[in-house]
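Visitor: let's see this in three dimensions:
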Amino acid sequence: MNNQYDFIIAGAGCAGMSLLLRLASDPFFSSKKILVLDSDDKTVNDRTWCFWEKDPDIFEPIVHHQWNELDFFSNHFSTVLDIAPYKYKMIRGIDFYAYVKNAIAAAPNIEWRKASIKKPLKHTTQNLAGVELTDGTLIYASFVFSSILFEPIQTAPSDYHFLQHFTGWEIETASPCFNPGKAVFMDFRVGQEQGTTFMYVLPTSTTKALVEYTLFTEQLLPDEAYEKALRNYIGSELQIQDYTIVHREKGIIPMTTHNFPRYQDNHIYIGIAGGEAKASSGYAFKSIQKRTAAIVKALKEGRSLAINKSFSEKKGHLYDAVLLHVLHYKKMPGDLIFASIFKGNKASSVLSFLDNESDVLTDLKIMSSVPTRIFLPAALQEIVSQGKR
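Guide: Down below sits the predicted model:
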């Protein structure tokens, strides 16, 4: 059994498999020995990724559905969001895994090993990185790309640590109930007593849609609370009584100002472990694609992989911290914040802002949409706090 490689990809989730596909698609890496380690075969439809983008990327062939218009609902403001030039896209986990596995099936330089990793080996000889498997096996490589959180997130006293937690049902109705050309991006017309709470409705046909109950809070709810909220929303708001649940999914994504390390020696952290989940929204798919593309480019050019955050990423981190500050101290409810932002700005500008791609003038316009008396003091406090983190 070979125990030395050029690259080890530790964890075959979104980040690991995105990096794997980018490496496998480039002839430059055809001579590199790549090992993928994961404890799962990735044969189950365990999650759904949604994201917005202007131009197609490498996963365009498996986009399950996309929308040009999105509904936004709240008790303060509601509208149809024209998101051009963006499209809102959905990729199913099962399609994602199968697509990448099929792409590497004939690659002699790539090995997939079903195994559990006990810990990273942080100090190795000959400038190598490594991992220790739970059976005691030690494996080394020039670089280890890890999306695994080996230890719980240790937040500093000045950090905020929210969770985006959700339960989704894909439902199918006997008669047409949905418009597959339009999705509900956020519907805040549900109880806000737990914190920032909303529904997604993502129709993929006239009779099928993913309905998801999502919260941005610091504590989880009992399982039955998510189920009850979904039943109530489908029955009362969507006015659907006769339906079948064809798929269920649930998840928890950290929304935190914690400063995740991007690298340590030749260990490169990617995905959530590398801080790719947007702290103000939980979205991670697009940032993962940007990061993995940057890693591949740096490898090809022989540049260091000790890539720190760009100015736009640091700027976005500050904006995220300000929002979490306001939510943590309950200075303004989340549904009103998002309603104010979407009411006062073009939808495409808000999406670029959420992706850390907006210019300073757009940033200023969006920030002026929310009360200065609340957000300016929060921003000043976070500027000081970030200097101490």
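
Visitor: what sits against Lys32?
Guide: Going by C-beta atoms under 8 Å, 6 or more residues apart in numbering, Lys32 touches Asp6, Phe7, Leu23, Asn109. Where you see a C-beta, it was placed from the backbone N, CA and C, and this is true even at glycine.

Visitor: and those residues, which is closest to Ala347?
Guide: Of all the contacts of Lys32, Ala347 sits closest to Leu23, with 34.8 Å by C-beta to C-beta.

Visitor: so how far is Ala107 from that closest one?
Guide: Using C-beta to C-beta, to the nearest Å, Leu23 is found at 9 Å from Ala107.

Visitor: shared neighbours, the two?
Guide: Here Leu23 and Ala107 share no contacting residue, scored by C-beta under 8 Å, 6+ apart.

Visitor: quick one: which of these two has more around it?
Guide: When Leu23 and Ala107 are compared for neighbours, Leu23 comes out ahead with 25 against 14, by other C-beta atoms under 10 Å.

Visitor: is it true that the more buried one lies in a helix?
Guide: Yes - counting by DSSP: H, G, I helix; E, B strand; the rest coil, Leu23 is found in a helix.

Visitor: dump the residue contacts of Leu81.
Guide: Contact analysis of Leu81 by C-beta under 8 Å, 6+ apart lists Glu69, Leu70, Asp71, Phe72, Phe185, Phe342, Ala347.

Visitor: in those, find the pair that's most separated.
Guide: Glu69 and Phe342 (13.5 Å).

Visitor: could you check which of the two is surrounded by more residues?
Guide: Legend: neighbour count by other C-beta under 10 Å for Glu69 and Phe342, higher for Phe342 (24 against 16).

Visitor: any idea how far the residue nearest to Tyr283 when sequence neighbours are not counted lies from Gln289?
Guide: The shortest distance from Tyr283 to any non-neighbouring residue, by C-beta to C-beta, 6 or more residues apart in numbering, is to Phe51 (6.4 Å). To Gln289, Phe51 is 8 Å away according to C-beta to C-beta.

Visitor: hang on, the earlier thing: how far away is the residue nearest to Tyr283 from Gly168?
Guide: The gap separating Phe51 from Gly168 is 16 Å, by C-beta to C-beta.

Visitor: over to Tyr200?
Guide: 8 Å.

Visitor: chain center to stretch 81-92: distance?
Guide: 15 Å (C-alpha atoms, centre = their mean, to the nearest Å).

Visitor: ah, wrong one, I meant stretch 280-289
Guide: With C-alpha atoms, centre = their mean as the basis, stretch 280-289 stands 4 Å off its chain's centre.

Visitor: repeat for stretch 271-281
Guide: Offset of stretch 271-281 from its chain centre (C-alpha atoms, centre = their mean): 6 Å.

Visitor: hey, C-alpha coordinates of that stretch in PDB?
Guide: This file holds the C-alpha atoms of stretch 271-281, laid out as PDB (Å, rounded to 0.1, in the frame of the first residue of the first chain):
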ATOM      1  CA  GLY A 271     -14.200  24.500   3.000                       C
ATOM      2  CA  ILE A 272     -15.800  25.200   6.300                       C
ATOM      3  CA  ALA A 273     -12.500  24.300   8.000                       C
ATOM      4  CA  GLY A 274     -10.800  27.000   6.000                       C
ATOM      5  CA  GLY A 275     -13.500  29.600   6.800                       C
ATOM      6  CA  GLU A 276     -15.300  29.400   3.500                       C
ATOM      7  CA  ALA A 277     -18.800  29.600   4.900                       C
ATOM      8  CA  LYS A 278     -20.000  33.200   4.700                       C
ATOM      9  CA  ALA A 279     -20.600  34.300   8.300                       C
ATOM     10  CA  SER A 280     -23.600  36.500   7.400                       C
ATOM     11  CA  SER A 281     -25.500  34.000   5.300                       C
END
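
Visitor: contacts for it, please.
Guide: Contact with stretch 271-281 is made by 11, 13-16, 146-149, 162, 164, 253-262, 268-270, 283-284, 287-288, 291, 316-317, 319-321, 323-324, 354, as judged by C-beta under 8 Å, 6+ apart.
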